[in-house]
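**Q** Have a look; sequence and predicted model below, questions after that.
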Amino acid sequence: MAKFNGKLEILALSAVHQHPDNIREDLGDLGQLSSEIKELGLLNPLLVYPHPDREGDYVVQDGNRRRAAASLAGLTEVPCVVLPVPKVERGARADIETMLTTGRNHRPLSEAEVSRGIQGLLDLGMDVTTVGKKFKMSRKEVQTRAKVAQKDDGVSKAYSAGRLSLDAVQRLQELEEKSDIPNLYERAVERIEDMPNGASVETVERVITETEMSIKKSQRVAELKELDAKEGDYEISYSSGWSAVEDEMTDEEHVAAGHRYRFNYRDPDPVWYVKQKKAKPELTEAEKKDKQTQDKLKSMLKIVQRSRIAFIKNAFETVKPSESLAKDAIAKKINSVVRYSEDGRTILGDVVGIKPPEFDGTPASSELLDRWNDEVHKHLVRQSMAYLGMLLAFADQVSVEESLGKLSGFERSGFENGNYSSRWKDSHAYYSFLTEHLGYQLDLDEKLAMEYSAMNEPRRNRELDLVPLPDEVTATCTGCKQEVVADSKWAGLCHDCQDADEDEDE
């Protein structure tokens, strides 16, 4: 009790009053709680403080349900922890914080009650960030709850009734704020209000998409009527006398050509048809039905796709990532990267301590490789995320290792300055990873190989040099007049011109 800075007293129940701004709309069924209190007494005291207007009376800060249940149980006195009179600037805010905290720990508050409490704290001057930290909510959730508590529209009512989830409300709020399509929000909400069982965020997204397409279709119909465009009847898409126009044309061009339009199921854009000079074979009833099914599915799958993508976006924003899933995915990626690289398998096997089998492409060796992959996978998923991330970055580049056992692996190119890929670009990235993240230090012979290859390619990208050239100077080739990088022993000709002179001497 010491943390409440109050003292335990037995007070007359008639002197203890329910908080006037209790965020609970409904105290719920008090029967069981009342029975427990009648049998065992009120074991958990109420938190109260002196009533601001009625001397000798008190206001409940925490325990409004217990107070009501005690009254039903016939108690005339109740144990209370009497707190000091709260400071004016802090009192109301502290009351709401207590209601939100204890209310969510005991009989859960409804979503609407939580939102009302959140809005109350914001009204009393608490900022969004502080509210989020206190009640473990994202900034977006706090803002969504505050907005829904401020309104008394269809969305707020459906949310209060439990027919809309918080993420569905968020999506509708985004639509209201950002949509540039007239009446889209209002029409979507009308449809959602008529759903007796409510709507998930996926259903909301689908309704939004369908409503958007319906509005766009109405707009297109109005535009076509302005042009006196002729609409084809229901059979035009199946008729042997008409075929769909494949060329891209404006509405005006279609009308001038005598084409007729027809809207497929849910599609906001029309399909134009041209009269056939030579009739096509008539479709059978079965073929017509099949085409109807195809047209409907083609239209609806676009809507479902938008809904699915919206769900994925929302999920990545709200779902807590699973570390085991992440480890499993990274481990699989590491295995797939090195599976067909002999050096990659060897190095990974050395790193994890599981020697890879010889692989010659035969079914038997493939089976052994599969088993090795399974063992490596089991080892990897037990490692830390940081370790796996570093190993994945390494695995993406380890294929370069095969070329670095030869001088050709250090070969430079005149195309390094552009967006073209080159062998040395890959080698440079690999060496950079080794030195920056693993602390590798270049061997003397590696440095010499880099110097040798750099000297032989004056057009290379010097920003990709990992070691400086000895006595490096900039000069002009006396043969081709191009600018080159050379050392103090340079004879005046670039590498290409030297080769040309040697060919002439022969």
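**A** Great, that's in hand. Numbering: from 1, shown residues only.

**Q** all contacts plus neighbour counts: C-alpha atoms, from now on.
**A** Will do.

**Q** Next up, the contacts around residue 34.
**A** 69-70, 72-73 (CA atoms under 8 Å, 6 or more residues apart in numbering).

**Q** just curious, which of those is nearest to residue 171?
**A** residue 69 (39.4 Å; CA to CA).

**Q** Number of residues surrounding the closest one?
**A** Residues near residue 69, counting by other CA atoms under 10 Å, number 24.

**Q** before we move on, what about residue 327?
**A** 20.

**Q** Look up phi and psi at it.
**A** Main-chain dihedrals, residue 327, degrees, to the nearest 10: phi -60, psi -40.

**Q** wait, doesn't it sit right on residue 385?
**A** Yes: with contacts counted by CA atoms under 8 Å, residue 327 reaches residue 385, the gap being 6.6 Å.

**Q** list residues touching both of those two?
**A** Contact criterion CA under 8 Å, 6+ apart; no residue bridges residue 327 and residue 385 by contacting each.

**Q** Contact partners for residue 229?
**A** Counted by CA under 8 Å, 6+ apart, residue 229 has contacts 255, 260-261.

**Q** any idea which of those residues has the most stuff around it?
**A** Most neighbours among these, by other CA under 10 Å: residue 261, with 26 neighbours.

**Q** what secondary structure does that one sit in?
**A** Using DSSP: H, G, I helix; E, B strand; the rest coil, the structure places residue 261 in strand.

**Q** Any idea what it is bridged to?
**A** residue 231, residue 272 (DSSP bridges).

**Q** Next, count neighbours for residue 458.
**A** Other residues close to residue 458 by other CA under 10 Å number 21.

**Q** Could you do residue 155 as well?
**A** 21.

**Q** So it sits against residue 189, correct?
**A** Yes: if you go by CA under 8 Å, residue 155 and residue 189 touch, sitting 6.9 Å apart.

**Q** Show me which positions of stretch 215-226 end up buried.
**A** Using 16 or more other CA atoms under 10 Å as the test for burial, stretch 215-226 gives 215-217, 220-221, 224.

**Q** With distance to residue 64 as added columns, please give those in CSV.
**A** As requested, the buried residues of stretch 215-226 are arranged in CSV below (distance: CA to CA, whole Å):
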residue, distance to residue 64
215, 49
216, 52
217, 54
220, 58
221, 59
224, 64
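
**Q** Would you reformat the residues you listed as CSV and include distance to residue 239 and pLDDT?
**A** As requested, the buried residues of stretch 215-226 are exported to CSV (distance: CA to CA, whole Å; pLDDT from 0 to 100):
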residue, distance to residue 239, pLDDT
215, 28, 92
216, 27, 91
217, 23, 91
220, 24, 92
221, 22, 93
224, 22, 94
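
**Q** Out of those residues, give me the two with the largest separation.
**A** The most widely separated members of the buried residues of stretch 215-226 are 215 and 224, with 14.4 Å between them, by CA to CA.

**Q** Which of the buried residues of stretch 215-226 fall within helices?
**A** Applying DSSP state H to the buried residues of stretch 215-226, the entries found in helices are 215-217, 220-221, 224.

**Q** What distance do you get for the residue most central in space within the chain to residue 379?
**A** For the chain, the residue nearest the mean C-alpha position is residue 316 (2.9 Å; CA atoms, centre = their mean). Relative to residue 379, residue 316 is positioned 28 Å away (CA to CA, to the nearest Å).

**Q** same thing with residue 329?
**A** To residue 379, residue 329 is 13 Å away according to CA to CA.

**Q** Could you do residue 229 as well?
**A** 68 Å.

**Q** Same question for residue 366.
**A** 20 Å.

**Q** cool, and residue 235?
**A** Relative to residue 379, and taking CA to CA, residue 235 is found at 63 Å.

**Q** out of those two, which sits in the busier spot?
**A** Applying other CA under 10 Å to residue 235 and residue 379 shows that residue 379 carries more neighbours, namely 14 against 11.

**Q** Could you pull up the residues touching the more buried one?
**A** So residue 379 contacts residue 352 (CA under 8 Å, 6+ apart).

**Q** Tell me the backbone dihedrals of residue 250, please.
**A** The phi/psi pair for residue 250 (degrees, to the nearest 10) is phi -80, psi 160.

**Q** so how far is residue 215 from it?
**A** Residue 250 is 21 Å from residue 215, by CA to CA.

**Q** repeat for residue 178
**A** In terms of CA to CA, residue 178 sits 16 Å off from residue 215.

**Q** you'd agree residue 394 is up against residue 435?
**A** No: judged on CA under 8 Å, residue 394 makes no contact with residue 435 at a distance of 11.8 Å.

**Q** what do the two both touch?
**A** Joint contacts of residue 394 and residue 435 (CA under 8 Å, 6+ apart) do not exist.

**Q** Look at the two and report which has more neighbours.
**A** Between residue 394 and residue 435, counted using other CA under 10 Å, the more crowded position is residue 394 (19 against 12).

**Q** separation between the closest residue to the more buried one other than its chain neighbours and residue 383?
**A** Using CA to CA, 6 or more residues apart in numbering and skipping the chain neighbours, the partner closest in space to residue 394 is residue 433 (7.4 Å). The spacing between residue 433 and residue 383, counted by CA to CA, is 20 Å.

**Q** With neighbour numbers in mind, choose between the two.
**A** The neighbour comparison of residue 433 against residue 383 (other CA under 10 Å) goes to residue 433, with 17 against 12.

**Q** That one: helix or strand, and which one exactly?
**A** Following DSSP states H and E, the helix or strand that holds residue 433 is helix 423-437.

**Q** number of nearby residues for residue 211?
**A** Residues within reach of residue 211, counting by other CA under 10 Å, total 21.

**Q** what sits against it?
**A** 184, 187-188.

**Q** A helix includes it, no?
**A** Yes: the assignment for residue 211 is a helix, going by three-state DSSP.

**Q** Most neighbours among the contacts of residue 211, which one?
**A** Greatest neighbour count in the contacts of residue 211, by other CA under 10 Å, goes to residue 188: 21 neighbours.

**Q** May I ask which helix or strand encompasses that one?
**A** Per DSSP H and E: helix 184-193 holds residue 188.

**Q** now swap in residue 118 and tell me
**A** Counting by DSSP H and E, residue 118 is found in helix 111-123.

**Q** in that helix, what counts as buried?
**A** 111-122.

**Q** go on, stretch 330-344?
**A** Using 16+ other CA under 10 Å as the test for burial, stretch 330-344 gives 330-335, 337-339, 341, 343-344.

**Q** what's the answer for stretch 344-362, then?
**A** Buried-residue list, stretch 344-362, by 16+ other CA under 10 Å: 344-349, 354, 356-357, 359.

**Q** Kindly report the same for stretch 307-320.
**A** So, applying 16+ other CA under 10 Å, buried residues of stretch 307-320: 307, 310-311, 314.

**Q** Those: which two are farthest apart?
**A** 307 and 314 (10.5 Å).

**Q** quick one, phi/psi of residue 17?
**A** Backbone torsions of residue 17, given as degrees, to the nearest 10, read phi -110, psi 140.

**Q** Can you tell me how far it is from residue 231?
**A** Note on residue 17: its distance to residue 231, by CA to CA, is 71 Å.

**Q** cool, and residue 401?
**A** Taken as CA to CA, the span from residue 401 to residue 231 is 66 Å.

**Q** Could you do residue 114 as well?
**A** Counting by CA to CA, the gap from residue 114 to residue 231 is 53 Å.

**Q** hang on, residue 45 packs against residue 70?
**A** No: at 11.0 Å, residue 45 does not count as touching residue 70 under the criterion of CA under 8 Å.

**Q** what residues are shared contacts of those two?
**A** residue 78.

**Q** So which of these two has more stuff around it?
**A** Ranked by neighbour count (other CA under 10 Å), residue 45 and residue 70 place residue 70 first, with 24 against 18.
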